[in-house]
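I would like the atomic coordinates for the input below:
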Amino acid sequence: MKSLPPGLQAHLDSGATTLCWCWRLTRRDGVQIGFTDHDRDLTFDGTTFEAAAGFTATEMKHSVGLGVDDLEVEAALTSERLSQDDLAAGLYDDARVEIFRTNWSDPEQRVLMRVGSLGEVSRSGASFRAEVRGLSHYLQQPNGRLFQFTCDADLGDRRCGVDLTSDSYRATGIVTAVSSPRAFEVSGLDEFTEGWFARGLLTFRSGANQGRAIEIRHHRRRDGAALIELWQEPAKAVAIGDEVDVTAGCDKQLSTCREKFANVVNFRGFPHMPGNDFLTSYARRGGGR
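A predicted model of the protein is given here:
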C-alpha cells in the first residue's frame, strides 16, 4: 500500500483532482530526462518533465511474490532530447525508470508509483514502444563467477590486469574504404597480425558515430590492407575519413592469455577441470592377472 503525502491525500479527498503521469528516465551515463502526459511542462526534483511528447502507458500490474511486473510505454520520437539515433545506439538500454502520479497544479504533491528499468525497445516509423520491467527481474539474472574452462574476466579490467593503453594492444586508424555498413578498411594497422583485434573494441573518434563503441567481429588482411568487420551495424553510416581507435581482443582461452598477453597469472578460468567424459566414466577391470 502506498503512503500518500498529506497534501496529495487532501487533494484526492476534495473530489476534484488535477492529476497527471510523469516519467523520469536516468541513463547509465547519468543523463536524466522527463516526460509527462500533461499539456504543460512540469518541474520537480531538478528535472523538467516535457509535455506533448506523445507518451502513453499501459495498465500497471503488480504480481504477488517475485514475479516480474511490467508495463509498456509508447511515444513518438518528437522530443529534441529523445532521438532515434540515441535509441539505436543503446544509450537507453537498462535505463532506470521512475513513474510518478503528480498533481500538476502543485507538483510537490506527488507519489512515486513504480521504479523499474527499460527493457526491450521496438521502433516503427517515427514512434517506439518500450517495456518497463520491475526491479525483481534483476533477481532472475545470474550473478557471481562460473566454474568453466574459459576466463570470466573482461579484458583490461581490474581482475585481468592487462594494460590496454599499451601500443601493443591499441592502435588508431582512419577508414579508407567502406565495403558494407559493418565492414570497412582501416589504415594504421599494418604492424598487427590478422585476427589481433578480433573480439576487441572499436571506438569512433570522429564522424557521425563519434564516441560510440562496437565490438569487432573479424580482423582480416586483404591485399595488404586491414579489414575490420563489426558485430553490430553502427547507428549512422561509416564514412571514409572517420578516425577510429581499436583495442585487442581475447577469446578467453588459456593459450591466448599465455601467448598473446603473457598474463597467465591472472587467468580467471579453470582450464584443468574435468569434463563430462571424466564425470561419466567408470572404473574398468584390467584384462591381465
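
what about residue 158, neighbour count?
Look at residue 158: counted by other CB atoms under 10 Å, it has 8 neighbours. For glycine as for every other residue, the C-beta is placed from the backbone atoms N, C-alpha and C.

tell me the phi and psi of it?
According to degrees, to the nearest 10, the main-chain angles of residue 158 amount to phi -60, psi -40.

relative to residue 91, how far out is it?
As judged by CB to CB, to the nearest Å, residue 158 and residue 91 stand 25 Å apart.

how many neighbours does the closest residue in space to residue 224 that isn't next to it in sequence have?
Nearest residue to residue 224 in three dimensions, chain neighbours excluded: residue 190, at 7.9 Å (CB to CB, 6 or more residues apart in numbering). For residue 190, the count of nearby residues is 11 (other CB under 10 Å).

part of a helix, is residue 10?
Yes. Secondary structure of residue 10 (DSSP: H, G, I helix; E, B strand; the rest coil): part of a helix.

and the residue positioned nearest the centre of the chain, how far from residue 28?
In the chain, the centroid-proximal residue (CA atoms, centre = their mean) is residue 93; its distance is 4.7 Å. Per CB to CB, residue 93 is found 8 Å from residue 28.

tell me how the chain divides into domains.
According to automatic domain parsing, the chain comprises the domains 6-140, 170-247.

ok so, going back, thought residue 226 was touching the residue nearest to residue 224, still the case?
Yes. With contact defined as CB atoms under 8 Å, residue 190 counts as touching residue 226 (7.2 Å).

and residue 171, what pLDDT?
Listed pLDDT for residue 171 reads 94.

same question, residue 87
If you check residue 87, the pLDDT there is 70.

wasn't it part of a strand?
No. Under three-state DSSP, residue 87 sits outside any strand and is assigned helix.

report the buried residues of stretch 269-277.
Buried residues in stretch 269-277, counted by 16 or more other CB atoms under 10 Å: 269-270.

give me the residues contacting it.
147-152, 252, 254 (CB atoms under 8 Å, 6 or more residues apart in numbering).

only the buried members of the residues you listed: can you turn that into a ChimeraX selection?
To isolate the buried members of those in ChimeraX, using 16+ other CB under 10 Å:
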select :150,151,252,254
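
the contacts of stretch 269-277 in strands, which ones?
With strands defined by DSSP state E, no entry of the contacts of stretch 269-277 lies inside them.

what is the nearest of the contacts of stretch 269-277 to residue 239?
residue 252 (33.3 Å; CB to CB).

which ones are touching the closest one?
With the criterion set at CB under 8 Å, 6+ apart, residue 252 makes contact with 150-152, 269.

if we can go back for a sec, doesn't the residue nearest to residue 224 fall inside a strand?
No. Judged by three-state DSSP, residue 190 forms no part of a strand; its state is coil.

state the distance from it to residue 241.
For residue 190, the distance to residue 241 (CB to CB) stands at 19 Å.

which residue is the nearest non-sequential neighbour of residue 194?
That would be residue 221: by CB to CB, 6+ apart, it lies 4.6 Å from residue 194.
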